[in-house]
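In: Pasting a predicted model and its sequence here:
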Amino acid sequence: METDLRALARVQEWYGPHSSTAAEWPADALILAKGSTTISVVLPARDEELTVGDIVREIRRELVERLPLVDEILVVDSNSTDATAERAREAGARVVAQNQVLSHLPPLTGKGEALWKGLAASSGDIVVFVDADLRDFSAHFVSGLVGPLLTDPDIHFVKGMYERPFTGEDGVMRRGAGGRVTELVARPLLTMFWPELAGFAQPLGGEYAARREVLEQVPFVTEYGVEFGLLVDFLQLVGLDAMAQVDLGTRTHTHQSVAALGRMAGQIMLTAWSRLERQGRVLPADPPGHTMLQFGLEGVDLVDVAVAERPPLASLVLEEDVA
């Protein structure tokens, strides 16, 4: 109980000074603070032809052409089977195929792989990650995330927070009903094992920004555990006071099926286990299973929720330099 109270007090102490809103970071006010700092926006995209073009156009119009805040818009095409790459390129992004980046390495799958490849292929001093399935996207998502990084040299990682409504099959939007894996899996895990991170409203959100120098020092889980892993690893690398969050308003996006959410939950739990083991907080034992039975209307499926990891990019560069 005493430990819980200390953790709560630490979160309360951190929350106010390290939480802000996007309105506090208008893009035009950040140009002077930007100076010579370069900013890359990276969008991992798999079969997102309906939304990726609108997102790229908004960033390009508002933060490249109207105001020179963003230096690079990069879309990582994650083996799409639709016109994602074409729509992104037409809208003004540089597009790279996931498997063509660091192509000498054996290819892996998953969102985290696309993010890691995007980090490798981009060049900005600050890298902003934005999911490619967002609807009603606004450029303040980007300017809000880079604001604390441009104005405070002690901040190294900024996470977006927002309201996540859920639109069901009936077409009715239910406020605050999104983020099911966050509330059922990620938040309980953080509260139990990394309570310092309990103040992050959207620990699994796909919109965040960080300095390249720290991004290159952490591993990337290749599947949907990537955001959870980054949050925990940044806590260990830079400490809570070097992390911040910005309220971006409302985030609307496509929703996953319950079965897909179950697989995501399994990947996040395996990611948490790997961090606990790495930090010496669980005794070495038989590794947890990574196959899961899922029961649906059409029968039973056996699915694999194993996660792999890409090493810190800096270590890979060092190895190649030595070779």
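Out: That came through, no problem.

In: which residues of the stretch 51-200 of the chain score low on pLDDT?
Out: 165-179 (pLDDT under 70).

In: mind listing the strands for it?
Out: 72-77, 94-97, 126-129, 134-135, 157-163, 166-167, 173-174 (DSSP state E, counting those that start in this stretch).

In: Residue 207: which of those strands is closest?
Out: Residue 207 lies closest to strand 157-163 among the strands of the stretch 51-200 of the chain, at 3.6 Å (Cβ to Cβ). Glycine gets a C-beta too; all of them are placed from N, C-alpha and C.

In: returning to that earlier point: tell me which of the strands of the stretch 51-200 of the chain lies nearest to residue 192.
Out: Of the strands of the stretch 51-200 of the chain, nearest to residue 192 by Cβ to Cβ is strand 157-163, at 19.7 Å.

In: And the contacts of the closest one?
Out: Residues outside strand 157-163 that contact it (Cβ atoms under 8 Å, 6 or more residues apart in numbering): 19, 141, 144-149, 175-176, 178, 200-203, 205, 207-211, 214, 231, 234, 238, 242-251.

In: Just the buried ones among these, please.
Out: 19, 141, 144-149, 178, 200-203, 205, 207-211, 214, 231, 234, 238, 242-249, 251 (16 or more other Cβ atoms under 10 Å).

In: buried ones in stretch 274-290?
Out: Buried-residue list, stretch 274-290, by 16+ other Cβ under 10 Å: 274, 275.

In: Show me the contact partners of it.
Out: 193, 221, 229, 232-233, 236, 266, 269-270, 273, 304-307, 309.

In: Which of the residues you listed sits closest to residue 33?
Out: Among the contacts of stretch 274-290, and counting by Cβ to Cβ, the member closest to residue 33 is residue 233, at 27.1 Å.

In: Contact partners for that closest one?
Out: Per Cβ under 8 Å, 6+ apart, neighbours of residue 233: 218, 219, 275.

In: Checking my notes, it in a strand, right?
Out: No. Residue 233 is assigned helix when assessed by DSSP: H, G, I helix; E, B strand; the rest coil, not a strand.

In: returning to that earlier point: list just the nearest of the contacts of residue 233 to residue 182.
Out: residue 275 (17.2 Å).

In: helix or strand for the closest one, which one?
Out: Using DSSP states H and E, residue 275 maps to helix 258-278.

In: what about that helix, average pLDDT?
Out: For helix 258-278, mean pLDDT is 93.

In: Need the strands of the stretch 51-200 of the chain in JSON lines (columns: distance to residue 106 and mean neighbour count).
Out: Putting the strands of the stretch 51-200 of the chain into JSON lines (distance: least, Cβ to Cβ, whole Å; neighbours: other Cβ atoms under 10 Å) gives the following:
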{"stretch": "strand 72-77", "distance to residue 106": "17", "mean neighbour count": "26"}
{"stretch": "strand 94-97", "distance to residue 106": "16", "mean neighbour count": "18"}
{"stretch": "strand 126-129", "distance to residue 106": "23", "mean neighbour count": "26"}
{"stretch": "strand 134-135", "distance to residue 106": "31", "mean neighbour count": "18"}
{"stretch": "strand 157-163", "distance to residue 106": "29", "mean neighbour count": "23"}
{"stretch": "strand 166-167", "distance to residue 106": "37", "mean neighbour count": "16"}
{"stretch": "strand 173-174", "distance to residue 106": "42", "mean neighbour count": "12"}
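
In: closest one to residue 39 among these?
Out: strand 126-129 (4.8 Å).

In: follow-up on the earlier one: quick one, which of the strands of the stretch 51-200 of the chain gets closest to residue 64.
Out: Residue 64 lies closest, by Cβ to Cβ, to one member of the strands of the stretch 51-200 of the chain: strand 72-77, at 7.2 Å.

In: Partner strands of that closest one and their direction?
Out: strand 39-45 (parallel), strand 94-97 (parallel) (DSSP bridges).

In: Quick check: residue 86 vs residue 58, distance?
Out: For residue 86, the distance to residue 58 (Cβ to Cβ, to the nearest Å) stands at 18 Å.

In: Sketch out the helices for the chain, chain order is fine.
Out: For the chain, the helices defined by DSSP state H cover 2-18, 27-34, 52-60, 84-91, 111-121, 140-151, 180-181, 187-193, 212-215, 226-238, 258-278, 313-322.

In: thinking again about what came up before, of the contacts of stretch 274-290, keep whichever come out buried.
Out: Buried, going by 16+ other Cβ under 10 Å: 221, 229, 232, 233, 266, 269, 270, 273, 305, 307, 309, out of the contacts of stretch 274-290.

In: Is it possible to get TSV of those that adds distance to residue 30?
Out: Output for the buried ones among the contacts of stretch 274-290, formatted as TSV (distance: Cβ to Cβ, whole Å):
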residue	distance to residue 30
221	31
229	29
232	29
233	27
266	40
269	38
270	38
273	39
305	40
307	36
309	34
